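K.L.:
No sequence on hand, only this structure:
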């Protein structure tokens, strides 16, 4: 019977030939998934023979991966800011870059007690849950138009021991209008909205286009549809000294900065991601 190391070596080479990035990492993580262990544990199991069922399950995972199905959907979870979050094709896979957004928000709002936080387009709940867990005195509302996303986000909150998040099923524009009409206010508004333009969506990676939910990736317009809704609502729903944090695409920074300034937001700041790309923008409401 083939050993763990023999199968990993063969699979890594096979994935590489099929154009999968980081083939050994993929091979290892899929094996760890099948054997229900940590990747690190594999190094102590290299001589272990694989059982027939384990080998069959592993080959099934490899077949899915060479079709460019995302690794995270195959294993069913992703690590994000110290959390383990379940993911399905109903939600966008949380990216490492968005961990940086959470870190920025936390660093800039340390010591502020009782924050009311609004997460628009929560998806898997990665931002909302991370902030609720690390800013425990805050009140978090998480909105999404997908009932499947909200069900998964609720599940992820429970899985990570986070209670009290108000998950709301609603269209973003409708929700913002209702909040403004009610005179409700938030201290922080955060969103990683669909910001890929319809034109750019036609050339995104196959893994994204084929498997991730299109409504979480593109606005089927110019890429600014949801940014505009959020920024234009800021005057009505932000507290004095309240802040908006938005994730954005490459090249959107100058336009979004102008939109924020025109909406009366101040102290506009642009942040770069790990690849030195302008990825996040913040604006503050000051009367």
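P.N.:
In hand now; what should we look at? Since we're looking at a predicted model, the values are computed, not measured.

K.L.:
The stretch 151-287 of the chain: strands as residue ranges?
P.N.:
166-169, 186-191, 238-247, 265-272, 278-285 (DSSP state E, counting those that start in this stretch).

K.L.:
now those strands as CSV including distance to residue 54?
P.N.:
In this view, the C-beta of every residue, glycine as well, is placed from N, C-alpha and C. Listed next are those as CSV, based on distance: least, Cβ to Cβ, whole Å:
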stretch, distance to residue 54
strand 166-169, 37
strand 186-191, 42
strand 238-247, 39
strand 265-272, 43
strand 278-285, 40
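
K.L.:
Most tightly packed of those?
P.N.:
Among those, the stretch with the highest mean neighbour count (mean count of other Cβ atoms under 10 Å) is strand 186-191, at a mean of 24.

K.L.:
Listing partners with orientation, what would you give for that strand?
P.N.:
Note on strand 186-191: by DSSP bridges, its sheet partners are strand 116-120 (parallel), strand 238-247 (parallel).

K.L.:
got a markdown table for those strands, with mean pLDDT and distance to residue 99 too?
P.N.:
Shown next, in a markdown table, are the strands paired with strand 186-191 (pLDDT from 0 to 100; distance: least, Cβ to Cβ, whole Å):
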| stretch | mean pLDDT | distance to residue 99 |
| --- | --- | --- |
| strand 116-120 | 98 | 15 |
| strand 238-247 | 96 | 11 |
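
K.L.:
Dump those into a markdown table; add distance to residue 215 as well.
P.N.:
Below are the strands paired with strand 186-191 laid out as a markdown table (distance: least, Cβ to Cβ, whole Å):
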| stretch | distance to residue 215 |
| --- | --- |
| strand 116-120 | 14 |
| strand 238-247 | 16 |
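
K.L.:
So for residue 15, which of these sits nearest?
P.N.:
Closest to residue 15 of those, according to Cβ to Cβ: strand 238-247, at 29.7 Å.

K.L.:
mind checking how far the closest one is from the chain centre?
P.N.:
Computed by Cα atoms, centre = their mean, to the nearest Å, the separation of strand 238-247 from the middle of its chain amounts to 20 Å.

K.L.:
Which secondary structure element is home to residue 55?
P.N.:
helix 52-65 (DSSP states H and E).

K.L.:
which parts of that helix are buried?
P.N.:
Using 16 or more other Cβ atoms under 10 Å as the test for burial, helix 52-65 gives 54, 57-58, 61-62, 65.

K.L.:
tell me the contacts of the most centrally placed residue in the chain?
P.N.:
Residue closest to the average C-alpha location in the chain (Cα atoms, centre = their mean): residue 94, at 2.7 Å. If you count contacts by Cβ atoms under 8 Å, 6 or more residues apart in numbering, residue 94 has them with 78, 80, 85, 87, 123-124, 126.

K.L.:
how about a cut-off of 7 Å?
P.N.:
Each residue near residue 94 by Cβ atoms under 7 Å, 6 or more residues apart in numbering is listed here: 78, 80, 85, 124, 126.

K.L.:
how about the third one, phi and psi?
P.N.:
Right, the one you point to is residue 85. Dihedral angles of residue 85 (phi, psi; degrees, to the nearest 10) stand at phi -110, psi 130.

K.L.:
what secondary structure does the residue nearest to the centre of the chain sit in?
P.N.:
Of the three states, residue 94 takes coil under DSSP: H, G, I helix; E, B strand; the rest coil.

K.L.:
For it, which non-adjacent residue is spatially closest?
P.N.:
Excluding the flanking residues, the one nearest residue 94 by Cβ to Cβ, 6 or more residues apart in numbering is residue 126, at 4.1 Å.

K.L.:
Please state the backbone phi and psi of the one you found?
P.N.:
Dihedral angles of residue 126 (phi, psi; degrees, to the nearest 10) stand at phi -60, psi -40.

K.L.:
before we move on, what about residue 142?
P.N.:
phi -120, psi 120.

K.L.:
From what I see, it and residue 121 are in contact.
P.N.:
No: look at residue 142 against residue 121 with Cβ atoms under 7 Å: they stay out of range, at 9.0 Å.

K.L.:
Residue 162 against residue 129, yeah?
P.N.:
Yes: using Cβ under 7 Å, residue 162 is in contact with residue 129, at 5.1 Å.

K.L.:
which one of those two has more residues nearby?
P.N.:
The residue with more neighbours, out of residue 162 and residue 129, is residue 129; 29 against 20, by other Cβ atoms under 10 Å.

K.L.:
Kindly provide the whole-number mean pLDDT of the helix or strand that contains that one.
P.N.:
Following DSSP H and E, one finds residue 129 within helix 126-134. Throughout helix 126-134, pLDDT has a mean value of 96.

K.L.:
Great, nothing more from me.
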